[in-house]
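> Build me a model:
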Amino acid sequence: MPELELLDRATWEDCLSAPVAVLMLGKNGCAACETWTEDLSAYLGSDEAPEQVRFGKLLLDTPGLGRFKIAQPWVAEVDVLPYNAIFVNGERVKEWAGGNIDRLVNRLNRYL
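Numbers count the residues shown, from 1 in each chain. Modelled structure (predicted):
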């Protein structure tokens with residue numbers, strides 16, 4: 001069963017280089033981010049979540065993410081949280097703001 005991994009400066013690169021990965025961006029104290037985390041975790045705990053997808057959560061206000069922000073310059077343009085991106089073999093292929101399981105599943109199914 002997949003789980004939502006809390007990523008940091010030592011783990012983000014490995015997660016995003018998976019064959020298919022979903023990255024959730026948030027910040028500490030963001031109520032919408034916390035709600036989306038709960039919804040996403042419940043989805044991942046269900047039988048509907050795809051086993052072959054890696055799910056990671058990165059809190060943008062965590063210290064030590066300079067290398068991530070340099071490697072992913074598009075993050076500087078993110079102005080609405082939570083924000084999600086799908087990566088296929090390390091390449092960002094889709095992104096969107098907000099948390100919604102149906103939107104996630106619709107977008108993810110294009111790459112499975």
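> give me the element residue 94 is part of.
If you go by DSSP states H and E, residue 94 is part of strand 91-97.
> what comes up buried for that strand?
Of the residues in strand 91-97, residue 95 count as buried by neighbour count, 16 or more other CB atoms under 10 Å. In short, each C-beta sits where N, CA and C put it, glycine included.
> how far does it sit from the chain's center?
For strand 91-97, the separation from the chain centroid amounts to 9 Å (computed by CA atoms, centre = their mean, to the nearest Å).
> quick one: the following helix or strand past it to strand 91-97, angle?
Counting by DSSP H and E, the next helix or strand C-terminal to strand 91-97 is helix 101-109. Put simply, helix 101-109 runs at 160 degrees to strand 91-97, going by axes from the mean of the first three to the mean of the last three CA atoms, to 10 degrees.
> other SSEs contacting helix 101-109?
Judged by 3 or more CB pairs under 8 Å, 6 or more residues apart in numbering; DSSP states H and E, helix 101-109 is in contact with strand 20-26, helix 31-44, strand 83-88, strand 91-97.
> Could you give the bridge partners of the residue most central in space within the chain?
The centroid of the chain falls nearest to residue 23 when counting by CA atoms, centre = their mean (1.6 Å). Here residue 23 shows beta-bridge partners residue 56, residue 85, assigned using DSSP bridges.
> Contacts only, for it.
Neighbour list for residue 23: 7, 15-16, 56-58, 84-87 [criterion: CB atoms under 8 Å, 6 or more residues apart in numbering].
> Wait, a helix at residue 80?
No. Under DSSP: H, G, I helix; E, B strand; the rest coil, residue 80 sits outside any helix and is assigned coil.
> In contact with it, which residues?
97-98.
> Then residue 98?
By CB under 8 Å, 6+ apart, the residues touching residue 98 are 32, 36, 80, 82, 84.
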